[in-house]
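S.K.: Sequence and predicted structure, then a few things I'm wondering about:
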Amino acid sequence: MSSATLSVSDASRPWWSGLNRYQWSVFLLASLGWVFDCFDQQIFTMSRSMTMRELMPDADLNVQNIFGGRATTAFILGWATGGLIFGVIGDLWGRAKTMAVTILLYAAFTGLSALSKNWIDFSVFRFLAGLGVGGEFAVGVALIAEVMPDRSRVSALGSLQALSATGNILAGVLIRYTDTLGGWRTLYLIGAAPAVLACFCIFFLREP
């Protein structure tokens, strides 16, 4: 059979066909990490106004919005810094260990955001959570790119990005039940759940 025939045959198969168990494990763990990244981002964005009202009860709406914007700036700076720092650390420590660290980082500080007493605490926790969010995406993308076979790589990375919608939708559903759940702090406690993923990364992932 000619190489041209083989190429046509490969192109007609779904990108996920032929992946082994380990490649699926990498894809699922990286995807779940990114889904919860996006969940964290949307929870923060959607609950920010109610968070500022509780943390700054004596301030008027305009002041609350200003300091909410500062918390957002801290989160975005953390995200950008995390992508740069953990991209380098991933080369030094290895992708698998670094992804576990970044997931644990954003999960821990998302959970701690629920314990904030004022806007300063909240902004610091948001910055540190942002480090993990930016780092996880950078390392997760690199890990998938290195593990996936050539014919599956582009589609796997595209699917990873598309799955971000799942985290956004989950956040949108939960935000409707904020009062039922006990307030915005509970949302952040739920956002700490991905810490469990870090354990799977440590025990099941190996370096490419």
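M.R.: Great, that's in hand.

S.K.: For residue 97, the count of nearby residues, please.
M.R.: For residue 97, the neighbour count with other C-beta atoms under 10 Å is 17. Just so you know, the C-beta spots here come from the backbone N, C-alpha and C atoms, and that holds for glycine as well.

S.K.: Distance-wise, check the closest residue in space to it that isn't next to it in sequence relative to residue 196.
M.R.: Of all residues not flanking residue 97 in the chain, residue 202 sits nearest, at 7.4 Å (C-beta to C-beta, 6 or more residues apart in numbering). The gap separating residue 202 from residue 196 is 11 Å, by C-beta to C-beta, to the nearest Å.

S.K.: who has more neighbours, these two?
M.R.: For residue 202 versus residue 196, neighbours defined as other C-beta under 10 Å are more numerous around residue 202 (15 against 12).

S.K.: Which residue comes closest to the residue most central in space within the chain once chain neighbours are left out?
M.R.: Centroid-nearest residue in the chain, with C-alpha atoms, centre = their mean: residue 37, separated by 2.0 Å. Once flanking residues are discounted, residue 37 sits nearest to residue 133: 4.8 Å by C-beta to C-beta, 6+ apart.

S.K.: Residue 43 is in contact with that neighbour, correct?
M.R.: No: contact criterion C-beta atoms under 8 Å: residue 133 and residue 43 do not qualify, at 11.7 Å.

S.K.: for this protein, longest helix please?
M.R.: Looking across the chain with DSSP state H, the single longest helix is helix 21-55.

S.K.: List the buried residues of that one.
M.R.: 23, 25-27, 29-44, 46-48, 50-52, 55 (16 or more other C-beta atoms under 10 Å).

S.K.: Okay, and the nearest residue to residue 53 once chain neighbours are set aside sits in which element?
M.R.: Closest residue to residue 53 apart from its sequence neighbours, by C-beta to C-beta, 6+ apart: residue 64 at 6.2 Å. Following DSSP states H and E, one finds residue 64 within helix 61-93.
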